[in-house]
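S.K.: below: sequence and its predicted model.
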Amino acid sequence: MKLLFNRWSTCLLAIFFTIILIITLFLNSDNTFLTPLLIILSLIGIYNILLETYVALTFISPGKRKVSLDQENWEQLRLTHDGPEVVVFKNINFKSAPLVLLIHGWRSSSSSMLGRAELYLDNGFNVMIMELPGHGSAEGVSKWNAGVSVRNLIHLFTNLDHVCDMSSISNIYLHGHSMGGFVFLRFSRESANLNYNHLVKGYILESPLTCYSEIFEESCMMLKVPKIIKPLFWNRLKFHFNMINPSFENISDTKDVDVPIWGLPDVPTLIVQAANDERLGQIHYERLVESFKSTDRFNLLSHIVIDDLTHAGARNSISRNNAIMDWLESN
């Protein structure tokens, strides 16, 4: 079972057995009974090599890492569990006040969230930043997927009392950028029975990723997956996800990794969307707004598209900061 957690192991295993089958086929080419069977098994092996290669190229790690936050008023803490080590940065000036927990986006790190963190600190909030696995100084995973990050977040959240004095925390707000937003969306589905969930008063989702089906289509285009293979590729991809994340309800269809099924907050939520979203475009934002509209939770949603906000490189934005503070004051 541990083979499934290594990015290339199942692909290499398929290659190994296929080579054995092909060699056996050549050695027994005069055997009229065995030859057809070996041909069929070899074709099955080639088929599995193709699918496992696609899977390995999809579950990629972020590559070159951005450095973590390294300032004297921030403390790095690590929590261990059955997944990759959880890395969280806590501002040391903790006091009796609400807590904001931030999660950065893909190929970013805790340092990328400093500008946002300072907004909250300047307005009297306590702040912590969780790094995604394989980002910053967080432990990497061979087969990266959002489910692993959600499990890390769940472990952190249920053990907040090991990280800070919870008696000083009045409320909790969750701020996720891009992939961080996707992680928080799933957390909103899984968190109902978690310790401290009653303290969560709102979600702030900044240019969030909300529909993995869109990313899947991008991956298929990038990998040049033949149209006829795409459903088979999806079936193999979901098999790996389900095996890696057994504590979650199994996904079956691509709609299971999109909002609202992936997750939809049941508390006040602010979407701050970059008008110039060069990475995700507007589709993820639009799908999230439509998801709220299609449920009885639309009254919980506030959303704004900011013209001078970009997806990447937006560590500091006056327009974003004003939108967030206006929302916090009214919630």
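M.R.: That came through, no problem.
S.K.: quick one, what contacts residue 184?
M.R.: Residues in contact with residue 184, defined by CB atoms under 8 Å, 6 or more residues apart in numbering, are 103, 153, 174, 176, 203, 205, 208, 263. (Each C-beta comes from the backbone N, C-alpha and C, glycine too.)
S.K.: please enumerate the strands of the protein.
M.R.: Here the chain has its strands, by DSSP state E, at 74-79, 86-91, 97-103, 126-131, 169-177, 200-206, 269-276, 301-310.
S.K.: contacts only, for the residue nearest the centre of the chain.
M.R.: With distances taken as CA atoms, centre = their mean, the residue of the chain nearest its centroid is residue 146 (3.1 Å). Residue 146 makes contacts with 179, 182-183, 186, 212, as judged by CB under 8 Å, 6+ apart.
S.K.: helices of the stretch 101-250 of the chain, residue ranges please.
M.R.: 114-122, 146-158, 179-190, 212-222, 230-244 (DSSP state H, counting those that start in this stretch).
S.K.: mean confidence score for the second one?
M.R.: Averaging the model's pLDDT scores along helix 146-158 yields 97.
S.K.: could you give the angle of that helix to strand 126-131?
M.R.: On the basis of axes from the mean of the first three to the mean of the last three CA atoms, to 10 degrees, helix 146-158 is oriented at 150 degrees to strand 126-131.
S.K.: go through the strands of the chain and pick out the most buried.
M.R.: Greatest average neighbour count among the strands of the chain goes to strand 126-131 (a mean of 26), per mean count of other CB atoms under 10 Å.
S.K.: from the contact counts, what lies against that one?
M.R.: Applying 3 or more CB pairs under 8 Å, 6 or more residues apart in numbering; DSSP states H and E, we find strand 126-131 packed against strand 86-91, strand 97-103, helix 114-122, helix 146-158.
S.K.: thinking again about what came up before, identify, from the contacts of residue 184, the entry nearest to residue 31.
M.R.: Nearest to residue 31 among the contacts of residue 184, counting by CB to CB, is residue 263 at 55.1 Å.
S.K.: just checking, residue 134 touches residue 61?
M.R.: Yes: Residue 134 lies in contact with residue 61 (CB atoms under 8 Å); the separation is 4.7 Å.
S.K.: who has more neighbours, those two?
M.R.: Higher neighbour count among residue 134 and residue 61: residue 134, with 21 against 15, using other CB atoms under 10 Å.
S.K.: show me what contacts the closest residue to residue 187 other than its chain neighbours?
M.R.: Counting by CB to CB, 6 or more residues apart in numbering, residue 153 is the residue found nearest to residue 187 once chain neighbours are left out, at 5.3 Å. Neighbour list for residue 153: 103, 130, 183-184, 187 [criterion: CB under 8 Å, 6+ apart].
S.K.: tell me the spacing between residue 153 and residue 138.
M.R.: Using CB to CB, to the nearest Å, residue 153 is found at 12 Å from residue 138.
S.K.: likewise for residue 147?
M.R.: Distance from residue 147 to residue 138, counting by CB to CB: 16 Å.
S.K.: more neighbours: which of these two?
M.R.: Using other CB under 10 Å as the criterion, residue 147 and residue 138 rank with residue 138 on top: 23 against 20.
S.K.: isn't that one right up against residue 87?
M.R.: Yes: at 4.1 Å, residue 138 and residue 87 qualify as touching, with contact defined as CB under 8 Å.
S.K.: what touches both of those two?
M.R.: Common neighbours of residue 138 and residue 87 (CB under 8 Å, 6+ apart) are residue 131.
S.K.: go through this structure and flag its longest helix.
M.R.: Taking DSSP state H as the criterion, the chain has its longest helix at helix 34-58.
S.K.: and that one, which residues are buried?
M.R.: Within helix 34-58, the residues scored as buried using 16 or more other CB atoms under 10 Å are 38, 41-42, 45, 48-56, 58.
S.K.: could you do stretch 249-259 as well?
M.R.: 251, 254, 256-259.
S.K.: any chance of TSV for the helices and strands packed on strand 126-131, columns distance to residue 30?
M.R.: Formatted as TSV, the helices and strands packed on strand 126-131 follow (distance: least, CB to CB, whole Å):
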stretch	distance to residue 30
strand 86-91	60
strand 97-103	62
helix 114-122	70
helix 146-158	50
